[in-house]
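J.: structure for this input, please:
(one chain, ligands or ions: 2)
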Amino acid sequence: MNLLDYLPGVPDFPKPGILFRDISPLLANPLAFQAAITQLNTLAQQLDYTHILGIESRGFIFGSALAHHAHRGLALARKPNKLPLVSHREFYGLEYGSDSLELQQSSLPTDARVLIVDDVLATGGTIVAASLLLKKAGFTLAGALTLLEIAGLDGSATLSKNGIVNRSLLIA
Ligand SMILES: O=P(O)(O)OC[C@H]1O[C@H](OP(=O)(O)OP(=O)(O)O)[C@H](O)[C@@H]1O
Ligand SMILES: Nc1ncnc2[nH]cnc12
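T.: Residues are numbered from 1 along each chain as shown. Ligands and ions are numbered 1, 2, ... in the order given. Below is the predicted model of the structure:
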């Protein structure tokens, strides 16, 4: 099964010049979704992690499915004003805009080794922001895991420059 067949590129969305990789067909196909999680779990085993940080919102899908599959705890990095008792916030740029993420200090144990999970690595701005959130909160970063790296945006180079060990299952 070629998982890329379930991740079609949609041209000029959400802005002209962007080829948007749509995860909906993969999620809608039980075999494809199951294969994605199984293969992400195999990649994740290369990284010594205890907990997963899912990035809102598509990262919640893969982060929670992997956490269930791998019997790991899950914390949420959420968009602004969604979490009570927020401890930390990080602003960041995107391939097509900007945003910020928030984290509750209480959502992870102090000795957690955290794997950031998201669906797509494009410029790397989101994952760098999530890594800074974890640093501010005093947690150890185990690495980052994504389903798909968008080729040509130097996302993995950006993560490497920021000292983030990255694993992406696919690149396109
Ligand atoms: O590597 P980057 O350039 O930071 O881009 C990758 C991010 O962009 C998308 O999220 P988006 O902010 O569009 O929100 P969504 O998950 O709610 O759709 C995607 O889910 C990643 O989180
Ligand atoms: N090209 C893209 N496709 C899907 N999600 C994205 N997030 C940032 N860039 C993206």
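
J.: residue contacts, Val117?
T.: Val117 sits next to Leu40, Ile52, Leu53, Gly54, Ile55, Gly59, Phe62, Gly63, Leu66, Ala144, Leu145, Thr146 when contact means CB atoms under 8 Å, 6 or more residues apart in numbering. Every residue, glycine included, has its C-beta placed from N, CA and C.

J.: counting only strands, which of the residues you listed make the cut?
T.: The strands, defined by DSSP state E, take in Ile52, Leu53, Gly54, Ile55, Ala144, Leu145, Thr146 from the contacts of Val117.

J.: closest to ligand 1 among those residues?
T.: Nearest to ligand 1, judged by CB to the nearest ligand atom, of these is Ile55 at 5.1 Å.

J.: okay, the closest one: pLDDT?
T.: We note a pLDDT of 98 for Ile55 in this prediction.

J.: which SS state does the closest residue to it other than its chain neighbours fall under?
T.: When the adjacent residues along the chain are set aside, Ile55 lies closest to Asp118, with 4.4 Å between them (CB to CB, 6 or more residues apart in numbering). Three-state assignment for Asp118 (DSSP: H, G, I helix; E, B strand; the rest coil): strand.

J.: measure Asp118 to Ser57 for me?
T.: For Asp118, the distance to Ser57 equals 10 Å [CB to CB, to the nearest Å].

J.: got it, and Leu101?
T.: Distance from Leu101 to Ser57, counting by CB to CB: 11 Å.

J.: identify the contacts common to those two.
T.: Both Leu101 and Ser57 are in contact with Lys79, where contact means CB under 8 Å, 6+ apart.

J.: tell me which of those two has more neighbours.
T.: Neighbours were counted for Leu101 and for Ser57 using other CB atoms under 10 Å; Leu101 has more, 25 against 13.

J.: tell me the contacts of that one?
T.: Residues near Leu101 by CB under 8 Å, 6+ apart: Ile55, Glu56, Ala77, Arg78, Lys79, Arg89, Glu90, Tyr92, Thr126, Ala129, Ala130, Leu133.

J.: and if you look at Lys79?
T.: Residues near Lys79 by CB under 8 Å, 6+ apart: Glu56, Ser57, Asp99, Ser100, Leu101, Glu102.

J.: now do the top helix by length along the chain, average pLDDT.
T.: Identified as the longest helix of the chain according to DSSP state H is helix 30-44. Helix 30-44 shows a mean pLDDT of 98.

J.: other SSEs contacting that helix?
T.: Contacts defined by 3 or more CB pairs under 8 Å, 6 or more residues apart in numbering; DSSP states H and E place helix 30-44 against helix 24-28, helix 58-70, strand 140-149, strand 166-171.

J.: now with 10 Å, please.
T.: Judged by 3 or more CB pairs under 10 Å, 6 or more residues apart in numbering; DSSP states H and E, helix 30-44 is in contact with helix 24-28, helix 58-70, strand 113-121, strand 140-149, strand 166-171.
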